[in-house]
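# Sequence and predicted structure below; questions after.
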Amino acid sequence: MSKSNTYKAGRHFLQVPGSTNIPDRVLRAIDAPAMDHRGPKFQNLSKRILERIKLIFKSTDPVVIFPSAGTGAMEAALANTLNEGDKILMFETGHFATEWCQAAKRYRINVDFVPGDWRTGADPKIVEQKLLADKKHEIKAVLVTHNETSTGIKSRVEEIRKAIDKANHPALFMVDTISSLGSYNYEHQKWKVDVTVGGSQKGLMCPPGLSFNAISNKALEAYKSSKIVKSYWDWGQMLENNKLGFYPYTPAVNLLYGLNEAISMLLEEGLDNVFARHKRHADATRLAVEAWGLEILAKNPIERSDSITAIMVPKEHDPDNLRKIIYDNYDMSLGTGLNKVKGKVFRIGHMGDLNDLMLAGTLAGVEMGLKQSGIPFKRGGIMTALDFLSK
Ligand SMILES: *Cc1c(COP(=O)(O)O)cnc(C)c1O
């Protein structure tokens, strides 16, 4: 196999769990002249986006769009609703929950960070216990990472909502859906989430650079009494401008062209079909991993993510060496292990604009790489996946 460092023929396989493949339709939409972001043409486009993005969150609540990485919207959720010294409840499900916790601590928010083993999701029972014990209602918010992208673990958001209700506790409920939104079911309104955080570059099939907050009435009430200093992230001026389709500063106009197209694509396919496609690809991936005799990091089958799978390699082997072999030989990028699971896992992203043959190619690349890496495994995971996909 040649290792040319100049031209590589064919398409690169971008199978990291975000950024994901950007469909041609989205790329073509972005490739258009800039426009006056204070003019009527932008206003129409922007209003259409702000209305239709709500369908993706399954909600009628307003959604604000920041020109930023997802981390910006995570920060905005904190800065707009809380106060210094507030107590919040969070779960150590992995790297991204840890990052959100760190951001809260930097705002001098007092985080009860329930330790985790990075193999399980946030536990609804613990939520109920902690909230029941909090007789004085000192806990101001419960924060959960819906899809922990570093571990491939899905937390049971709907059940956590039920636990909050069972405890009859007034805490706000905030959820990071950056790597689940547009990939598997999420219901901002039905699950009474107060702030939902999203990002453009994962299930929404856009380039990185846009982030979202869907905001409930209860969160807007909290905003009124939040004294954390904010400017760029301030919901007030954003919502005020958004009423007419405008922004308080220059919006990421061309990314919004892309988002508008991506929303159309998700709605054309139908969200239920999008979710079924992701589930099917996740099932095929999991079947391949089992057939290889490797272990999925997510312990509980019901908590396995439909958008990304993290796969453990035996202790004496290096998953980043496997990733390098696959990158060099087959021009495919897979996700590395982050933080506490660095050197222990590699990750296959199977979210966004993906079809059966793209997934088959991905799994074939992993199997070929495994063979070359010296990692002990059983051959045939790819055949198991193909049989499943062609059933
Ligand atoms: C990717 C991701 C983030 C971080 O998003 P950035 O755009 O890199 O800031 C946060 N949370 C989750 C769950 C993610 O998947």
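Yep, that arrived. Numbers count the residues shown, from 1 in each chain.
# if I pick Ser225, what's in contact with it?
With contacts defined as C-beta atoms under 8 Å, 6 or more residues apart in numbering, the neighbours of Ser225 are Asn83. Where C-beta positions appear, they are placed from N, C-alpha and C, glycine not excepted.
# What separation do you get for the nearest residue to Gly152 once chain neighbours are set aside and the ligand?
Nearest non-adjacent residue to Gly152, counting by C-beta to C-beta, 6 or more residues apart in numbering: Ala310, 4.0 Å away. With distances defined as C-beta to the nearest ligand atom, to the nearest Å, the gap from Ala310 to the ligand amounts to 12 Å.
# ditto for His146
The value you get for His146 to the ligand, if C-beta to the nearest ligand atom is used, is 7 Å.
# Tell me, what's the model's pLDDT at that residue?
Listed pLDDT for His146 reads 98.
# wait, it sits on Thr177?
Yes. Here His146 reaches Thr177: they are 4.7 Å apart, a contact under C-beta atoms under 8 Å.
# Give the intersection of the neighbour lists for the two.
Each of Tyr186 lies in contact with both His146 and Thr177 under the rule C-beta under 8 Å, 6+ apart.
# Quick one: the helices in the stretch 51-200 of the chain, in order.
Per DSSP state H, counting those that start in this stretch, the stretch 51-200 of the chain carries helices over the ranges 70-79, 95-106, 124-133, 157-166.
# and the second one, does that touch the ligand?
Same thing as helix 95-106. Yes. For helix 95-106, a contact with the ligand is found by C-beta under 6 Å from any ligand atom, at Phe96.
# ok, residues contacting that helix?
Residues lying outside helix 95-106 but in contact with it, judged by C-beta under 8 Å, 6+ apart, are 71, 74-75, 78, 82, 88, 90-92, 111, 113, 116, 143-145, 148-151, 176, 178, 338-341.
# Just the buried residues of those.
71, 74-75, 78, 82, 88, 90-92, 111, 113, 116, 143-145, 148-151, 176, 178, 338, 340-341 (16 or more other C-beta atoms under 10 Å).
# coming back round to it: pick the most deeply packed of the helices of the stretch 51-200 of the chain.
Of all the helices of the stretch 51-200 of the chain, helix 70-79 carries the top mean neighbour count, a mean of 24, counting by mean count of other C-beta atoms under 10 Å.
# sorry, back to before: how is the residue nearest to Gly152 assigned, secondary-structure-wise?
Local secondary structure at Ala310 is given as strand here, using DSSP: H, G, I helix; E, B strand; the rest coil.
# Tell me who's in contact with His146.
Lys154, Ser155, Val157, Val175, Asp176, Thr177, Ser180, Tyr186.
# hang on, the earlier thing: now do the same contact list for the residue nearest to Gly152.
When contacts are counted by C-beta under 8 Å, 6+ apart, Ala310 touches Ser150, Thr151, Gly152, Ile296, Leu297, Ala298, Gly335, Gly337, Val341, Val345, Phe346, Arg347.
# Quick check: the closest residue to the ligand within the stretch 1-150 of the chain vs Val63, distance?
Of all residues in the stretch 1-150 of the chain, Gly70 sits closest to the ligand, at 2.9 Å by C-beta to the nearest ligand atom. If you measure Gly70 against Val63 using C-beta to C-beta, to the nearest Å, the figure is 14 Å.
# if we can go back for a sec, in space, what's closest to the residue of the stretch 1-150 of the chain closest to the ligand - neighbours in sequence excluded?
The shortest distance from Gly70 to any residue other than its chain neighbours is 3.2 Å, reached at Gly199 (C-beta to C-beta, 6+ apart).
# How about Tyr247?
That would be Asn241: by C-beta to C-beta, 6+ apart, it lies 5.4 Å from Tyr247.
# Am I right that the one you found is in a helix?
Yes. When classified by three-state DSSP, Asn241 is found to be part of a helix.
# May I have stretch 383-390 exported as PDB, CA atoms only?
Coordinates of the C-alpha atoms in stretch 383-390 are reproduced here as PDB (Å, rounded to 0.1, in the frame of the first residue of the first chain):
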ATOM      1  CA  MET A 383     -19.800  -9.900   7.100                       C
ATOM      2  CA  THR A 384     -22.000  -9.900  10.200                       C
ATOM      3  CA  ALA A 385     -22.800  -6.300   9.600                       C
ATOM      4  CA  LEU A 386     -23.400  -6.800   5.900                       C
ATOM      5  CA  ASP A 387     -25.800  -9.700   6.600                       C
ATOM      6  CA  PHE A 388     -27.700  -7.400   9.000                       C
ATOM      7  CA  LEU A 389     -27.800  -4.500   6.600                       C
ATOM      8  CA  SER A 390     -29.000  -6.700   3.700                       C
END
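# please renumber so the chain begins at 625
Yes, from this point I'll number from 625; that puts the last item at stretch 1007-1014.
# Just the buried residues of it, please?
Thr1008, Ala1009, Leu1010, Leu1013.
# Max pairwise distance over these: which two?
Thr1008 and Leu1013 (9.8 Å; C-beta to C-beta).
# re earlier: considering the contacts of Ala934, which possesses the most neighbours?
Using other C-beta atoms under 10 Å as the neighbour test, the contacts of Ala934 are led by Thr775, with 35 neighbours.
# from memory that residue sits against Leu921, does it?
Yes. Under the contact definition of C-beta under 8 Å, Thr775 touches Leu921, with a separation of 5.4 Å.
# Quick check: neighbours shared by those two?
Looking at what touches both Thr775 and Leu921 (by C-beta under 8 Å, 6+ apart), the common residues are Trp742, Arg743, Ala934, Val965, Val969.
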